[in-house]
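Peer 1: Below are the sequence and a predicted model for it; my questions follow.
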Amino acid sequence: MNSIIVGLLTMGGLGLFFASVLAIASEKLKVKEDPRVEEVYEALPGLNCGACGHPGCHALAEAIVAKGDLDGLRCPPGGSASDEKIAEILGISVGAEIRKRAVIKCGGGKSLAGQRADYHGIKTCTAAQLVVGGAKACTFGCLGYGDCVTVCPFGAIRIDEEGLPKVDELKCTACGLCVQACPRKIIDLVSCANRIVVNCNSHDKGAQVRKVCKVGCIGCMICVKVAPEGYTVKDFLAKVNYDKGDAVAEPGQAKCPTKCIVKL
């Protein structure tokens, strides 16, 4: 019995000793966090959405404090309000901000684009896409079940009567969650200064596009011919050169035969 008690006391003593050593080592070796990290974290909205490219708001706060400025590290949902608070904490200027909003690259709603089947499954774009690519005849077009609406934390997107997403520019923070949620990648984040966009996402040849959609891009190159600096056509799909500005792109919009180039 005495040997058992001695053994228990010995083990307890050793446990206490090693616990004390670990506690002292932890205190001596720990890396102290810059107190500004917590302040910057408090200035962020706390959504942990990942739109900034970091796994969460705390990781973004650490990156901002480590870099010492906001260049490439802005929080889209937080917007200018968060930027100003963080700039004050760091003692820096906010700097120029290019405000963006989500843009839908599909104009083929119910009355303009055909269906190749009836879909009776789960009413999400992700689920529909898994079933032979969805029921829409255009395999690049919007499926219309609103995955983008579901993930938007600001209520900036709705599905209209044509079954297409509509973005409320005043509510949109360009957080990028809608871009990530769309299985067909028909959503882009574009500067609010750019009003002219190509309202199509199809890479099919012109003849195939005409069969399935009345307002799809047919890759005819007319926009490039009349506005060579304003557009690029790749894989049968036109794209606005946003860095050139709307004035350069306007002639191409006016001449587009399918009216897939629109001014928002």
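Peer 2: That came in fine, so what should we check first?
Peer 1: I'd say residue 226 and residue 250 touch.
Peer 2: No. Taking contacts as C-beta atoms under 8 Å, residue 226 lies outside contact range of residue 250: 9.7 Å. C-beta coordinates here come from the backbone N, C-alpha and C atoms, glycine included.
Peer 1: Kindly list the main-chain dihedrals of the closest residue to residue 135 other than its chain neighbours?
Peer 2: Of all residues not flanking residue 135 in the chain, residue 119 sits nearest, at 3.9 Å (C-beta to C-beta, 6 or more residues apart in numbering). Torsion angles at residue 119 (phi, psi; degrees, to the nearest 10) stand at phi -110, psi 130.
Peer 1: ok, the residue positioned nearest the centre of the chain - contacts?
Peer 2: Nearest to the mean C-alpha position of the chain, by C-alpha atoms, centre = their mean, lies residue 176 at 1.5 Å. Residues near residue 176 by C-beta atoms under 8 Å, 6 or more residues apart in numbering: 51, 76, 189.
Peer 1: show me where pLDDT drops low in the chain?
Peer 2: 1-10, 12-15, 17-19, 21-23, 25-32 (pLDDT under 70).
Peer 1: the strands in it, which residues?
Peer 2: For the chain, the strands defined by DSSP state E cover 100-104, 157-159, 165-167, 187-191, 196-198, 231-234, 237-240, 261-263.
Peer 1: hang on, the earlier thing: run through the residues that contact the residue nearest to residue 135.
Peer 2: Residue 119 neighbours (C-beta under 8 Å, 6+ apart): 128, 131, 134, 135.
Peer 1: okay, now the closest residue to the first one other than its chain neighbours: neighbour count?
Peer 2: This means residue 128. Nearest non-adjacent residue to residue 128, counting by C-beta to C-beta, 6+ apart: residue 134, 4.4 Å away. Residues lying near residue 134 (other C-beta atoms under 10 Å) number 25.
Peer 1: Could you check how far residue 134 is from residue 122?
Peer 2: Distance, residue 134 to residue 122, using C-beta to C-beta, to the nearest Å: 12 Å.
Peer 1: what sits in contact with each of these two?
Peer 2: Going by C-beta under 8 Å, 6+ apart, residues that sit against residue 134 and also against residue 122 are residue 128.
Peer 1: so what's residue 166 bridging to?
Peer 2: For residue 166, the beta-bridge partners under DSSP bridges are residue 158.
Peer 1: I figured it hits residue 152, correct?
Peer 2: No. Using C-beta under 8 Å, residue 166 is not in contact with residue 152, being 11.7 Å away.
Peer 1: Show me which of the two is the more surrounded one.
Peer 2: Neighbours per residue (other C-beta under 10 Å) separate residue 166 from residue 152, with residue 152 holding more: 23 against 13.
Peer 1: Does that one touch residue 180 like I think?
Peer 2: No. If you go by C-beta under 8 Å, residue 152 and residue 180 don't touch, sitting 11.1 Å apart.
Peer 1: ok so, going back, filter the contacts of residue 119 down to just the buried residues.
Peer 2: Buried by 16 or more other C-beta atoms under 10 Å: 128, 134, 135, out of the contacts of residue 119.
Peer 1: Return the set of buried residues in stretch 58-71.
Peer 2: Those buried within stretch 58-71 under the rule 16+ other C-beta under 10 Å are 58, 60, 61, 62, 63, 64, 65, 70.
Peer 1: Out of the residues you listed, which comes closest to residue 93?
Peer 2: residue 70 (9.3 Å; C-beta to C-beta).
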